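Colleague: Sharing a sequence plus its predicted fold:
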Amino acid sequence: MTAKKDPPFRAEHIGSLLRPPELLGARRAFDEGKIAVEALHLDVFFLEYDSPRAGSFAPLKPVPREKVVVLGLVNTKSPVLESADELRRRIDEASRLVPLDRLALSPQCGFASTAPGNPITPADQERKLRLVVEVANKTWG
């Protein structure tokens with residue numbers, strides 16, 4: 001695989017996983033002058049949006065223009081396969097706040113995010129990763 005060098009595909013991206021409540025808290029701190037965007041030194045925000053507890057995409061609205069948002073829409077804790085149409089609908093919804101060319105899709109977390117792992121087989125994991133690739137290809141080409 002050849003690393004692309006043009007944004008948002010630089011090999012030296014640095015990102016951070018934030019759940020929507022933490023993103024809202026960080027946004028409040030930013031609004032209060034307690035955090036400067038320049039101090040974050042992040043290119044990419046990885047955000048968990050795989051369940052209703054994550055809430056709406058409203059926290060994406062003030063994400064700075066130079067940042068990329070990775071939508072963690074695929075649940076890694078359940079073997080139930082998400083619908084490609086539902087994933088595309090959610091990406092479309094998020095693109096109303098962040099331009100599509102600054103969005104990406106991923107699982108919401110690792111498949112073994114706890115010491116004993118999650119109740120999901122390697123075959124289920126592969127199906128979910130194939131779904132991510134399929135939806136990404138249809139969305140971004």
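Modeller: Everything's here; your move.

Colleague: ranges for the helices of the protein?
Modeller: Under the criterion DSSP state H, the chain contains helices at 20-31, 37-40, 84-94, 122-140.

Colleague: Let me know which of these is the nearest to Pro107.
Modeller: Nearest of the helices of the chain to Pro107, taken as CB to CB: helix 122-140 at 6.3 Å. (C-beta placed from N, C-alpha, C; glycine too.)

Colleague: got the buried residues for that closest one?
Modeller: Asp124, Gln125, Lys128, Leu131, Val132, Val135, Thr139 (16 or more other CB atoms under 10 Å).

Colleague: Which of the helices of the chain comes out lowest on mean pLDDT?
Modeller: When the helices of the chain are compared by mean pLDDT, helix 37-40 comes last with a mean of 59.

Colleague: Scan this structure for its longest strand.
Modeller: strand 68-74 (DSSP state E).

Colleague: Report all helices and strands that it contacts.
Modeller: Strand 68-74 makes packing contacts with strand 15-18, strand 44-48, helix 84-94, strand 103-107, helix 122-140 when contacts are defined by 3 or more CB pairs under 8 Å, 6 or more residues apart in numbering; DSSP states H and E.

Colleague: and the second one, how far out from the chain's middle?
Modeller: Remark: strand 44-48 is offset 4 Å from the chain centroid, using CA atoms, centre = their mean, to the nearest Å.

Colleague: Partner strands of that strand, with direction?
Modeller: strand 15-18 (parallel), strand 68-74 (parallel) (DSSP bridges).

Colleague: I'd say Gly72 and Phe46 touch.
Modeller: Yes - between Gly72 and Phe46 there is a contact under CB atoms under 8 Å: 6.2 Å.

Colleague: Can you name the residues that contact Leu71?
Modeller: By CB atoms under 8 Å, 6 or more residues apart in numbering, Leu71 lies in contact with Leu47, Tyr49, Arg90, Ile91, Ala94, Leu103, Ala104, Leu105, Ser106.
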